[in-house]
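Chemist: can't give you the sequence, but here's the structure:
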């Protein structure tokens, strides 16, 4: 008997370890929180840590996802590729820790937010030895506006005067671009907007390197794939597709000295993250929250976090959208009662949930803007839904959701059975189901019968987008970039306004915040309008804001000079190794 | 023999057409497409997605899409990967050498170990050595490769530092030098061993059982009566008969050569076809998924053909005219 139970124990351990290994398999979230924008680094800042920056050495930087191999800002598709590009290329314009644009290679002047004059620094060299001129920028902008261009970034060009005509083939060049000399360019937008600058594409492309390559073939060309040319502190020396990239110091870097001799980028599976960090095989890696507790235990590794720019939410389907007419055409009645939505928000214990599923690497968010962003309203100015089951019950009673048949669950005001249907996307990640289940349990605790449905991730967003009637309340995530304007996710005529939130007042505020006549250059005024808008949205609760997650880096304590803020890590030129 | 092979090859054509239909419609039946899922409001917009769907022909009737795909496919144009933005043939060509290298190494390990252990066990059944091998084999079959992979990395790469834990080559060595090849072999050993463990176990067991069975047959007794040395009886008379079931496996092995090992490649971040296939499925990269599946189907058919031909070589009794 005894021996048998030992056998059972052994078998259970095996099964358990299989399960754990499977957990590690797929870490990346299916939702769109992947890309925190074209985040940039602060080139100007000096090394923040005490002590002299040491020269030389090879740093191993790891990624736990496989890049697609599109090493150019104009063509990359996923955040993994962007992480590599950041090491060898930079933007003309930088963002500071408040996500405000600051000059990097280019500085600018404008009087009316429609006509801009950009001045480039002289003597900045591409890795192939050519000097950077404004023509390289014009080349990039015209590539993006080319009808043959197969990337997604035309949105960052289309507001330039004449870009649509160029794309339709009616013009040979973009009329809004006027090259004054090699280092000066005037750009005219189709209308004055406060966010023209942050929306503008700020990455030049090396014209000489791309010479003779038709736009349609650029993304498959060697300049993008195997021999990328950038402006940054490191040059790409060698690429082994899908597994590693070797970067060497750029001796001609325009912005001061580079400390490291080399950076080796390695792709690893996230089951190996902890072991590789412990052994010193990897010096630095952006990790998933789930690896956090284990990495924290390592003596030779420290964790650096910064607030991220993405947030999770639970949305309510309030209407149906007609994609052709670009408007919300009907109301979905089930969750129209604002008190019901408020009660459901109060029912959720967000702190507990974040600690359980994100190991504390995040915090509750109370508004549709990550709190690190400069337009984020103060929590005292918006309606905050703290965990308060009593209040939730009270609100439900008031709204008429009471238990009439004594089964322990509330019926709707008409006395019919009421069931909250909650949908969550499913990938290979087994924690998704439990975290979704936890949310439904909070609702059951205040007497709302809840049902969870896990939907395969690709199908999931399709169903949400098409307002499929089986989606009632849903889990989602958005990431925001340096441009604060939330219109694309919130205006009634936008397809990505998934809850189909329809409030003319909200539309009016969003338009007002972008209008030059109303706001002009007055940032405080703009922020105030956004704060009013956030207050309005939190009062209407079209979605329950759940959590904002931190960006987490694990780095060996040998690595110095590394800084992380909301706009990403600092320039790799400042990193160094203590041996 | 030639006529037989030709007939089999002709017979493959309707099979492949059927497979292509199934592959295509299954791929289309997957929810979502390459443009759904990861929506990032920062660098795309709904108009772009609609435009790309139109451009890629996702809005056409399914049979039109199928005809277009199969016509191109037959002409050797496998389409362009929607994810990597490269022709699928280039993508596969980039990963295939890695996969073949891994598979060959693992096959080599499998055959060497399986023959050594199988012969030993078959000749000395029910001894201590046989039982040890038996135990090892059942552990090999029972432990799933993702568990074995993770444990192998932990012990051999992190604790003992014998092998690298990921990748197929050290990027800092120059391509083409002896060092480069040594580095590749060094990188491939651990995944190859993990990959070969399962088949080693089954091959050994098959070989052992067959050896035992054959050693009780009449021709063995005859050979013994004639005074043939035991070694010769085993190595020539019995082994040749016992190889037949292994030849069946060889057919599958050939398909496995190009199919890659999805789980092993993922855990060891070994950039081969298996990893590519997995990524393509999750990102709904239809052209890549369909091309790889077609390639695998063709290889299974060819592998079986080769196995059938090999039967004839190892055993004249099943030689076909």
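Modeler: Noted; the coordinates are in hand. Since this is a predicted model, take the numbers as computed values, not measurements.

Chemist: so what are the domain limits for the chain?
Modeler: Unless you meant another one, I'm taking chain A. A:52-72+A:232-300+A:557-578, A:90-220, A:308-550 (the TED database).

Chemist: actually it's chain B I care about, not the one you picked
Modeler: Taken from the TED database, chain B resolves into B:1-75, B:89-314.

Chemist: now, of those, which is deepest in the fold?
Modeler: Ranked by mean neighbour count, the domains of chain B are led by domain B:89-314 with a mean of 19 (mean count of other CB atoms under 10 Å in any protein chain shown). Heads up, the C-betas are built off the backbone N, CA and C, glycines and all.

Chemist: In a markdown table: the domains of chain B, plus distance to chain A and mean pLDDT.
Modeler: A markdown table is the format used below for those (distance: least, CB to the nearest CB, whole Å; pLDDT from 0 to 100):
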| stretch | distance to chain A | mean pLDDT |
| --- | --- | --- |
| domain B:1-75 | 3 | 77 |
| domain B:89-314 | 3 | 86 |
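
Chemist: quick one on the thing from earlier: which one of the domains of chain A lies closest to residue B:28?
Modeler: domain A:308-550 (12.8 Å; CB to CB).

Chemist: Show me what from the stretch 51-200 of chain A comes close to chain B.
Modeler: A:66, A:68-70, A:75, A:77-78, A:150, A:152-156 (CB under 8 Å from any CB of the partner chain).

Chemist: Could you export these as a markdown table, including pLDDT and neighbour count?
Modeler: Listed next are these as a markdown table, based on pLDDT from 0 to 100; neighbours: other CB atoms under 10 Å in any protein chain shown:
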| residue | pLDDT | neighbour count |
| --- | --- | --- |
| A:66 | 84 | 21 |
| A:68 | 85 | 24 |
| A:69 | 87 | 23 |
| A:70 | 89 | 25 |
| A:75 | 88 | 26 |
| A:77 | 79 | 23 |
| A:78 | 79 | 19 |
| A:150 | 80 | 17 |
| A:152 | 76 | 21 |
| A:153 | 83 | 23 |
| A:154 | 85 | 22 |
| A:155 | 83 | 18 |
| A:156 | 87 | 23 |
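
Chemist: of all those, which comes closest to residue A:59?
Modeler: Relative to residue A:59, and with distances defined as CB to CB, the nearest of those is residue A:66, at 20.5 Å.

Chemist: can I assume that closest one sits in a helix?
Modeler: No - assigned with DSSP: H, G, I helix; E, B strand; the rest coil, residue A:66 falls outside any helix and is coil.

Chemist: mind showing which ranges of chain A have poor pLDDT?
Modeler: A:1-52 (pLDDT under 70).

Chemist: so, in contact with chain B or not, stretch A:486-499?
Modeler: Yes - interface with chain B: stretch A:486-499 contributes A:488-489, A:494-496 (CB under 8 Å from any CB).

Chemist: Tell me the one of the residues of the stretch 51-200 of chain A next to chain B nearest residue A:275?
Modeler: Once CB to CB is applied, the member of those that ends up nearest residue A:275 is residue A:66, at 18.9 Å.

Chemist: returning to that earlier point: out of the domains of chain A, which is the most enclosed?
Modeler: Scoring the domains of chain A by mean count of other CB under 10 Å, the most buried comes out as domain A:52-72+A:232-300+A:557-578, with a mean of 20.

Chemist: Relative to the whole chain's centre, how far out is that domain?
Modeler: Taking the mean of its C-alpha atoms, domain A:52-72+A:232-300+A:557-578 sits 20 Å from the chain's own mean (CA atoms, centre = their mean, to the nearest Å).

Chemist: What segments of the stretch 151-300 of chain B are helices?
Modeler: B:178-215, B:218-225, B:230-232, B:239-259, B:262-267, B:273-282, B:286-314 (DSSP state H, counting those that start in this stretch).

Chemist: Residue A:175 is nearest to which of the ones you listed?
Modeler: Among those, helix B:286-314 sits nearest to residue A:175 (CB to CB), with 38.0 Å.

Chemist: can you tell which of the domains of chain B is closest to residue A:105?
Modeler: Nearest to residue A:105, of the domains of chain B and by CB to CB, is domain B:1-75 at 21.0 Å.

Chemist: and residue A:504, what does it touch?
Modeler: Listed by CB atoms under 8 Å, 6 or more residues apart in numbering or on different chains, the contact partners of residue A:504 are residue A:492.

Chemist: Compute the distance between residue A:548 and chain B, please.
Modeler: Residue A:548 is 16 Å from chain B, where distance means CB to the nearest CB, to the nearest Å.

Chemist: thinking again about what came up before, could you single out the nearest of the residues of stretch A:486-499 next to chain B to residue A:348?
Modeler: Of the residues of stretch A:486-499 next to chain B, the one sitting nearest to residue A:348 (CB to CB) turns out to be residue A:489, at 21.4 Å.

Chemist: Leaving out chain neighbours, which residue sits closest to the closest one?
Modeler: residue A:496 (5.2 Å; CB to CB, 6 or more residues apart in numbering or on different chains).

Chemist: Go ahead and name everything in contact with stretch B:285-294.
Modeler: B:16, B:19-20, B:23-24, B:27-28, B:33-34, B:69, B:73, B:78-84, B:88-89, B:91-92, B:273, B:276-277, B:279-281.

Chemist: so how far is that stretch off the chain centroid?
Modeler: 16 Å.

Chemist: coming back round to it: put together a markdown table for the domains of chain A, with distance to residue B:49 on each row.
Modeler: A markdown table is the format used below for the domains of chain A (distance: least, CB to CB, whole Å):
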| stretch | distance to residue B:49 |
| --- | --- |
| domain A:52-72+A:232-300+A:557-578 | 18 |
| domain A:90-220 | 9 |
| domain A:308-550 | 9 |
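
Chemist: Now do the contacts for residue A:318.
Modeler: So residue A:318 contacts A:331-332, A:335-336, A:499-502, A:542 (CB under 8 Å, 6+ apart).

Chemist: From these, which land in strands?
Modeler: residue A:331 (DSSP state E).

Chemist: Among the contacts of residue A:318, which one lies nearest to residue B:104?
Modeler: Of those, the one sitting nearest to residue B:104 (CB to CB) turns out to be residue A:499, at 54.7 Å.

Chemist: hang on, isn't the closest one packed against residue A:320?
Modeler: No - judged on CB atoms under 8 Å, residue A:499 makes no contact with residue A:320 at a distance of 11.4 Å.
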